[in-house]
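# below are the sequence and a predicted model for it; my questions follow.
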Amino acid sequence: MKKLMILGAGIYQVPLIKKAKELGLYTIAVSIKGNYPGFAFADEVCYVDTTDIDAVLALAKEKQIDGICTSGTDVAIPAIGKVCDEMGLPGISYQAALMASNKSDMKRCFMEHGVSTAKYFIAHSENEAMDFMDQLEFPVIFKAVDTSGSRGIMRVNEKDVDQVRKAIENIKSVTKKDFFIIEEFIEGVEFGAQALIAKGELKFVMPHGDYVFVGDTGVPVGHYVPYDLPEDVFKESIRQVKLSAQAMQLDNCAMNVDFILKEDQVYMLEVGARAGATCLCEMVEIYYQTDFYKMIIQTALGEELSSINFDHCVPNVCKLFLAEKTGIIEQIEIPKIEDDRIFDLSFDYQPGDHVKKFRIGPDRIGQIIVKGKTLEEAVELMEAVMKDVKVTIREQGEH
Ligand SMILES: Nc1ncnc2c1ncn2[C@@H]1O[C@H](COP(=O)(O)OP(=O)(O)O)[C@@H](O)[C@H]1O
Ligand SMILES: [Mg+2]
């Protein structure tokens with residue numbers, strides 16, 4: 001029996017763990033302790049921090065695993081790269097994994113290989129930042145290079161020392177590095193793409209539209225496919241995904257790509273070396289009528305990949321359920337609808353559970369995924385169903 005190690009046991013790794021079990025693999029879930037739903041489905045649970053590269057490697061060697069993977073999280077990627085390199089397993093290389101985990105290295109690599117990306121500088125201090133700003137067009141965006149989930153990111157609208165100080169303080173509160181980047185802010189429409197590269201071959205690239213919740217920063221709370229782009233922009237997006245994979249030397253991994261579109265010009269924001277969260281794996285599965293989690297596992301084991309149906313792509317849409325206040329769930333009413341276009345409607349919590357007012361992705365309380373003959377049909381049905389879902393929360397704690 002082959003042994004597969006899955007890093008993370010949260011809501012976005014649960015389907016991967018379940019799939020591994022279904023495929024008859026001995027499944028080892030690795031995560032810090034906590035109330036993570038994936039623990040219940042794995043054959044074995046190891047309480048190791050997935051960002052502790054040496055600890056994960058020692059564990060992988062001890063367990064003599066045959067493959068290692070994750071989905072929906074960036075923090076575990078360097079450990080995956082290290083294990084693949086050291087144990088000779090199929091999967092991303094350590095070098096590529098580090099590249100995908102550091103925004104300044106990634107940007108440098110993009111620039112060197114002609115990937116379209118916003119102009120930027122690396123700065124170490126307030127003075128350097130002030131100087132570089134003369135060479136950039138406003139607004140600009142200050143970023144920590146080693147974080148994700150919009151942490152350490154702040155827009156600065158003018159060359160104002162107070163704004164710059166605030167942005168640098170924000171970076172310093174989260175980064176482990178002594179430098180950061182300042183890049184031009186692209187005023188456009190954000191969209192994304194899911195892709196998979198295995199044995200040097202890009203298997204698919206699926207651009208998708210994003211629904212964004214605007215709080216402290218933008219947080220994706222849903223997606224839809226297909227994403228209607230002019231033909232030349234579509235082709236250019238695919239070309240950019242290919243270029244970035246070559247530039248970063250990504251192989252044997254999924255890709256989660258963030259783009260901004262401004263006047264028919266696409267800019268690559270960043271590439272994650274893993275499949276996206278927020279239902280994106282399920283969306284790929286529906287769109288291409290394939291089994292994406294299985295493909296991620298096959299990639300990690302160096303096996304032949306399942307087939308993809310490019311001929312009859314199925315439009316679909318997803319959204320997260322968000323709590324409007326922090327408190328205890330009193331009741332969840334879900335309408336009884338028998339409709340096979342509803343691929344999933346599920347909640348992460350039950351009455352009696354404590355939930356948080358939505359601010360960031362992990363605050364989600366549930367999800368809905370709907371397919372249709374057309375995207376319009378899917379969106380219409382999703383909205384109708386969501387209107388009839390009633391979640392009652394008794395307010396408690398922070399507001
Ligand atoms: N150059 C930019 N122009 C406009 N918006 C940006 C730019 N860079 C980042 N953003 C905004 O900040 C968000 C997070 O930035 P990103 O570089 O993707 O970091 P993270 O790893 O936190 O997702 C993006 O999704 C986008 O909304
Ligand atoms: Mg991002």
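That came through, no problem. Ligands and ions are numbered 1, 2, ... in the order given.

# contacts for the longest strand anywhere in the chain?
Taking DSSP state E as the criterion, the chain has its longest strand at strand 201-214. Here strand 201-214 makes contact (C-beta atoms under 8 Å, 6 or more residues apart in numbering) with 190-197, 218-229, 234, 237-238, 241-242, 245, 259, 280, 283-284, 287-288, 295, 305, 308, 310, 319, 322, 358. C-beta coordinates here come from the backbone N, C-alpha and C atoms, glycine included.

# return the distance of that strand from the chain's centre.
Chain-centre distance of strand 201-214: 10 Å, with C-alpha atoms, centre = their mean, to the nearest Å.

# repeat for stretch 341-359
The answer for stretch 341-359 is 19 Å, by C-alpha atoms, centre = their mean.

# try stretch 107-125
For stretch 107-125, the distance to the chain centre is 21 Å (C-alpha atoms, centre = their mean).

# cool, stretch 120-127 as well?
Taking the mean of its C-alpha atoms, stretch 120-127 sits 27 Å from the chain's own mean (C-alpha atoms, centre = their mean).

# what comes up buried for the helix or strand harbouring residue 15?
Under the criterion of DSSP states H and E, residue 15 resides in helix 14-22. Judged by neighbour count (16 or more other C-beta atoms under 10 Å), helix 14-22 contains these buried residues: 14, 15, 16, 17, 18, 19, 20.

# just stretch 256-276 next, same as before
256-261, 266-276.

# near ligand 1, which residues of this structure?
Residues of the chain found near ligand 1 (C-beta under 6 Å from any ligand atom) are 118, 141, 143, 148-150, 153, 183, 185-186, 190, 217-218, 258, 260, 269-270.

# filter the residues you listed down to just the ones in strands.
Per DSSP E, those map to strands at 141, 143, 153, 183, 190, 218, 258, 260, 269, 270.

# listing request: residues of this structure with sub-threshold pLDDT.
216, 398-399 (pLDDT under 70).

# for the residue nearest the centre of it, give me its contacts.
Centroid check for the chain by C-alpha atoms, centre = their mean gives residue 276 as the closest residue, at 3.4 Å. Residue 276 sits next to 72, 192, 194, 223, 256 when contact means C-beta under 8 Å, 6+ apart.

# and for residue 6?
Residue 6 neighbours (C-beta under 8 Å, 6+ apart): 13, 16-17, 20, 27-30, 38, 42, 68-70.

# got the CA positions of the helix or strand where it lies in PDB?
Assigned by DSSP H and E, residue 6 belongs to strand 3-7. Provided in PDB are the C-alpha atoms of strand 3-7 (Å, rounded to 0.1, in the frame of the first residue of the first chain):
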ATOM      1  CA  LYS A   3       1.800   6.000   1.600                       C
ATOM      2  CA  LEU A   4       0.700   9.600   0.900                       C
ATOM      3  CA  MET A   5       1.500  12.500   3.200                       C
ATOM      4  CA  ILE A   6      -0.900  15.400   3.100                       C
ATOM      5  CA  LEU A   7       0.200  18.700   4.600                       C
END
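
# can you list the strands that the helix or strand containing residue 331 pairs with?
Taking DSSP H and E as the criterion, residue 331 maps to strand 327-333. Using DSSP bridges, strand 327-333 pairs in its sheet with strand 354-355 (antiparallel), strand 390-395 (antiparallel).

# out of these, deepest packed?
strand 354-355 (a mean of 18; mean count of other C-beta atoms under 10 Å).

# neighbouring contacts of it?
With C-beta under 8 Å, 6+ apart, strand 354-355 has contacts from 323, 326, 327, 328, 329, 349, 363, 365, 393, 396, 397.

# most neighbours among these, which one is it?
residue 393 (21 neighbours; other C-beta atoms under 10 Å).

# for that one, give me its contacts.
323, 324, 325, 327, 328, 329, 330, 355.

# what is the neighbour count of the nearest residue to the second one once chain neighbours are set aside?
Okay, so that is residue 324. Leaving aside its chain neighbours, residue 324 sits nearest to residue 357 (6.6 Å; criterion: C-beta to C-beta, 6 or more residues apart in numbering). Per other C-beta under 10 Å, the neighbour tally for residue 357 reads 17.
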